[in-house]
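Enquirer: the following block contains a protein sequence and its predicted model.
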Amino acid sequence: MTMAERIDHVLRDRLHALQLEIIDDSRKHAGHAGAASGGHYTVTVVSPDFAGKSALERHRMVYAALGDLMQRGIHALALTTRAPGEAR
């Protein structure tokens, strides 16, 4: 299973994600000092769990859900988080 597939599985399971877009940007960061410790990903998550939460709270929820993947396998995340019905 790729890291993007793991991210997808975890966010669908733990945050009840209705929509996910995961882009592996790791190749753009080849040679970057931190790239050896994990990949770089751009992630868009739409979850009902985000309703009424601030952007900071939403990002913390994503980091908590990903847990140990943040320590091994993911070096950087660019996040877009929305509740259902929020404008794109």
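Expert: Nice, thanks for sending it over.
Enquirer: and K53, that one's in a helix?
Expert: No: per DSSP: H, G, I helix; E, B strand; the rest coil, K53 lies outside any helix segment and is coil.
Enquirer: what's around it, how many residues?
Expert: K53 has 15 neighbouring residues, counting by other CB atoms under 10 Å. Just so you know, the C-beta spots here come from the backbone N, C-alpha and C atoms, and that holds for glycine as well.
Enquirer: so how far is V45 from it?
Expert: 12 Å (CB to CB, to the nearest Å).
Enquirer: can you pull out the helices in this structure?
Expert: 3-14, 55-66 (DSSP state H).
Enquirer: need the residues that contact the last one.
Expert: In this case it means helix 55-66. Outside helix 55-66, the residues that touch it by CB atoms under 8 Å, 6 or more residues apart in numbering are 7, 10-11, 14-15, 43, 45, 49-50, 53, 70, 74, 77, 79, 81.
Enquirer: got a PyMOL select line for the buried ones in those?
Expert: Filtering the contacts of helix 55-66 down to the buried ones (16 or more other CB atoms under 10 Å) takes a single PyMOL command:
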select buried, resi 7+10+11+14+15+43+45+49+50+70+74+77+81
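Enquirer: so for I23, what's the pLDDT?
Expert: With respect to pLDDT, I23 scores 94.
Enquirer: ok, for it, nearest residue in space, not its chain neighbours?
Expert: Among residues not flanking I23 along the chain, T42 sits closest, at 4.3 Å (CB to CB, 6 or more residues apart in numbering).
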